[in-house]
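A.B. asks: The sequence isn't on hand, but the structure is:
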């Protein structure tokens, strides 16, 4: 009886131990699973925090780039307005230049026409001056006799070495003719005289404006 009871107790104890071991193993597996889930949850939490931090950084960067883009857009808009203003000024200046060019072309045509008229008039004036110069020989004819004496309008014009007091009247007349003839030639040729002639007929005078040692009265 003792043995049977002992064996029965031993068997129940073994069953209880075995059941306890199974329970312990089950609880151990449950604990391991919970620990595993807890570790996974912590890892996910860490990843979530890292992602949230990255999102915050990206949002800040996005906001910074938005502000930078806004400044660039504003600057671009300002540059576009300035460019449009410059374009308007350029168009106005171009139009002004075109008008000035047209005006210049008209002035060039007018200048060409005036130049042609000037050349034509100048040629006619030259021809007319030659005619007048040739006609002076009829107004103041100059003759030379066999004694090499010159006569202006029939009045003898002697050399300065041959002057005689008795010939003062005729010499004054001849010099008056000569002075007027020289003045007319100077006028027609547009050549100024070194010594200006003051024509007063037989009382004509020649003025010396070069010699600074002469008095005003002595210049004539």
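C.D. replies: Okay, I see it. What you see is a predicted model; the values in this text were computed from it and never measured.
A.B. asks: Where does the residue most central in space within the chain fall, secondary structure wise?
C.D. replies: For the chain, the residue nearest the mean C-alpha position is residue 93 (11.6 Å; Cα atoms, centre = their mean). If you go by DSSP states H and E, residue 93 is part of helix 2-139.
A.B. asks: And for residue 156?
C.D. replies: Per DSSP H and E: strand 155-157 holds residue 156.
A.B. asks: next one: that strand to chain centre, how far?
C.D. replies: Remark: strand 155-157 is offset 70 Å from the chain centroid, using Cα atoms, centre = their mean, to the nearest Å.
A.B. asks: in its sheet, what does it sit against?
C.D. replies: Using DSSP bridges, strand 155-157 pairs in its sheet with strand 150-152 (antiparallel).
A.B. asks: Pop the domain breakdown of the protein in here.
C.D. replies: 54-139, 141-220 (automatic domain parsing).
A.B. asks: okay, the ones you listed, which one's buried deepest?
C.D. replies: domain 141-220 (a mean of 13; mean count of other Cβ atoms under 10 Å). All C-beta spots, glycine's among them, are computed from the backbone N, C-alpha and C.
A.B. asks: Report the separation between residue 97 and residue 115.
C.D. replies: 25 Å (Cβ to Cβ, to the nearest Å).
A.B. asks: for residue 192, same thing?
C.D. replies: 26 Å.
A.B. asks: I figured residue 203 hits residue 176, correct?
C.D. replies: Yes: Residue 203 lies in contact with residue 176 (Cβ atoms under 8 Å); the separation is 7.2 Å.
A.B. asks: pretty sure residue 183 contacts residue 195?
C.D. replies: No: the criterion here is Cβ under 8 Å, and residue 183 misses it with residue 195 at 11.4 Å.
A.B. asks: what do these two both touch?
C.D. replies: Taking Cβ atoms under 8 Å, 6 or more residues apart in numbering as the contact criterion, residue 183 and residue 195 have no common neighbours.
A.B. asks: where in the protein is pLDDT low?
C.D. replies: Residues of the chain meeting the criterion pLDDT under 70: 1-7, 160-167, 202, 204, 208-220.
A.B. asks: give me that answer again for 90
C.D. replies: 1-76, 122, 125-126, 128-220 (pLDDT under 90).
A.B. asks: helix/strand/coil for the residue nearest to residue 151 when sequence neighbours are not counted?
C.D. replies: Nearest residue to residue 151, sequence neighbours excluded (Cβ to Cβ, 6 or more residues apart in numbering): residue 143, at 4.5 Å. The local conformation at residue 143, judged by DSSP: H, G, I helix; E, B strand; the rest coil, is strand.
A.B. asks: From residue 149, how far out is residue 143?
C.D. replies: Counting by Cβ to Cβ, the gap from residue 143 to residue 149 is 9 Å.
A.B. asks: got it, and residue 175?
C.D. replies: Distance, residue 175 to residue 149, by Cβ to Cβ: 15 Å.
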